[in-house]
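K.L.:
My questions concern the predicted model and sequence given below.
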Protein chains: 2
Amino acid sequence: MTKTIAVDTQASKDRLRLWLRVLKATRAVENEVRENLRREFSSTLPRFDVMAALTQHNDGLKMSGLSTVLKVSNGNVTGIVERLVEDGLVIREKVPGDRRASLVKMTAKGRAEFAKQAAAHEQWIDTMFAGVAAEQVVPIADALDAVARQLDDKDER
Amino acid sequence: MTKTIAVDTQASKDRLRLWLRVLKATRAVENEVRENLRREFSSTLPRFDVMAALTQHNDGLKMSGLSTVLKVSNGNVTGIVERLVEDGLVIREKVPGDRRASLVKMTAKGRAEFAKQAAAHEQWIDTMFAGVAAEQVVPIADALDAVARQLDDKDER
DNA sequence: GTATGAAACTTTAAGCTTGAAGTTTACTGG
DNA sequence: CCAGTAAACTTCAAGCTTAAAGTTTCATAC
């Protein structure tokens, strides 16, 4: 077996510093997006996330599918979808042959509403990330993807 | 006046993609940190954040100071500090000359506990970011700092 | 002094989030 | 068939989070 020994190198400190910056930037952007969603659309980030996932999966997603895609708990999805249904943005269909499950889909109203929100969202992000040099965008995205993928792989084990 | 016209360029799409990756990586790391804090220390990220802020400000912070530093609402800080006080990790001192305010400080128990958590935390981060090449660390940190700073500046206006 | 307004908080209502426990339905081995 | 187990959810308790409203204290102007 391989034993990992704690060493507090410069590289280690740099990585911690990187994480703190990533976190700070993410929270700043997220707060701005939340505030904009609230002000302009009277909505929230979790609702936006659910609608985005359903838009990508045009044939619908089961509750468990939503919680897997969004990486949140089952119980969480229950509440968010509940409220989206109340607002008529989403429907829950019965799954033939499995009375436990239900398939969540966007309604026409939901699609129209989400189209507006997604367009605004893209503009917000574009403005917020304008300060990142074009040639840095792809390398940074790839580096962070490596971090996320490593953790995803770990979860699946 | 300058009018901003919406243009959906390749650069714009790349920036959106970058944001989605940043978000994904951040959530993955955050989830891991939350889970580790819960499992190993029966604690949470907000509690860790408050203790980290108080550790950096050794002479204490007022409630309003905490909410400014952490960029969360006043009411939020009230609850978290309340629970930290219950656990004896933090104390609230009276501010002489201002009966409205109180100064929050770490206790000896809090300092001892946080030292353990911070050391573990640094190790977790080091492991999770091991996949990022050393020479990329600083440039990425700087690029994201630009994003955060732009939003901070905007808030102060 | 005393009104008036600001500052520093706390409280509240509503929504988000999780892990754990509970319910109903489906599947599988004997 | 049917017992046991797994799957797909929902419910629950506790904590996090915010905006808005409320409270007490302080500062300033008159």
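P.N.:
Perfect, I can see it now. Numbers count the residues shown, from 1 in each chain, chains lettered A, B, ... in the order given.

K.L.:
Run through the helices of chain A in chain order.
P.N.:
Listed in chain order, the helices of chain A (DSSP state H) span A:10-41, A:45-56, A:63-70, A:74-86, A:108-128, A:134-156.

K.L.:
and those helices as TSV, adding mean neighbour count, distance to chain B and mean pLDDT?
P.N.:
Glycine gets a C-beta too; all of them are placed from N, C-alpha and C. Below are the helices of chain A laid out as TSV (neighbours: other CB atoms under 10 Å in any protein chain shown; distance: least, CB to the nearest CB, whole Å; pLDDT from 0 to 100):
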stretch	mean neighbour count	distance to chain B	mean pLDDT
helix A:10-41	17	4	90
helix A:45-56	18	10	96
helix A:63-70	17	9	94
helix A:74-86	15	13	95
helix A:108-128	16	5	94
helix A:134-156	15	4	84
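
K.L.:
can I get those helices in a markdown table with distance to B:Ile140?
P.N.:
Formatted as a markdown table, these follow (distance: least, CB to CB, whole Å):
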| stretch | distance to B:Ile140 |
| --- | --- |
| helix A:10-41 | 6 |
| helix A:45-56 | 24 |
| helix A:63-70 | 26 |
| helix A:74-86 | 31 |
| helix A:108-128 | 16 |
| helix A:134-156 | 5 |
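
K.L.:
Those helices: which one's closest to B:Lys13?
P.N.:
helix A:108-128 (8.2 Å; CB to CB).

K.L.:
Now do the closest one: which elements does it pack against?
P.N.:
helix A:10-41, helix A:45-56, helix B:10-41, helix B:134-156 (3 or more CB pairs under 8 Å, 6 or more residues apart in numbering or on different chains; DSSP states H and E).

K.L.:
That helix vs DNA strand C: in contact?
P.N.:
No: counting by CB under 7 Å from any atom of the strand, DNA strand C is not contacted by helix A:108-128; separation bottoms out at 13.7 Å.

K.L.:
still on that earlier bit, put together CSV for the helices and strands packed on helix A:108-128, with distance to DNA strand C on each row.
P.N.:
Output for those, formatted as CSV (distance: least, CB to the nearest atom of the strand, whole Å):
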stretch, distance to DNA strand C
helix A:10-41, 10
helix A:45-56, 3
helix B:10-41, 6
helix B:134-156, 15
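
K.L.:
Quick one, which of these gets closest to B:Arg99.
P.N.:
Closest to B:Arg99 of those is helix B:134-156 (CB to CB; 29.2 Å).

K.L.:
Report whether the closest one contacts chain A.
P.N.:
Yes: residues of helix B:134-156 contacting chain A under CB under 8 Å from any CB of the partner chain: B:134, B:136-141, B:143-148, B:150-152.

K.L.:
circling back: so which of the helices and strands packed on helix A:108-128 comes closest to B:Arg92?
P.N.:
Nearest to B:Arg92, of all the helices and strands packed on helix A:108-128, is helix B:10-41, at 22.3 Å by CB to CB.

K.L.:
other SSEs contacting that closest one?
P.N.:
Short answer (3+ CB pairs under 8 Å, 6+ apart): helix B:10-41 packs on helix A:10-41, helix A:108-128, helix A:134-156, helix B:45-56, helix B:108-128.

K.L.:
can you put these in JSON lines and add distance to DNA strand D?
P.N.:
Shown next, in JSON lines, are the helices and strands packed on helix B:10-41 (distance: least, CB to the nearest atom of the strand, whole Å):
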{"stretch": "helix A:10-41", "distance to DNA strand D": "6"}
{"stretch": "helix A:108-128", "distance to DNA strand D": "16"}
{"stretch": "helix A:134-156", "distance to DNA strand D": "14"}
{"stretch": "helix B:45-56", "distance to DNA strand D": "3"}
{"stretch": "helix B:108-128", "distance to DNA strand D": "14"}
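
K.L.:
got TSV for those helices, with distance to A:Met63 too?
P.N.:
Listed next are these as TSV, based on distance: least, CB to CB, whole Å:
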stretch	distance to A:Met63
helix A:10-41	23
helix A:108-128	16
helix A:134-156	19
helix B:45-56	26
helix B:108-128	29
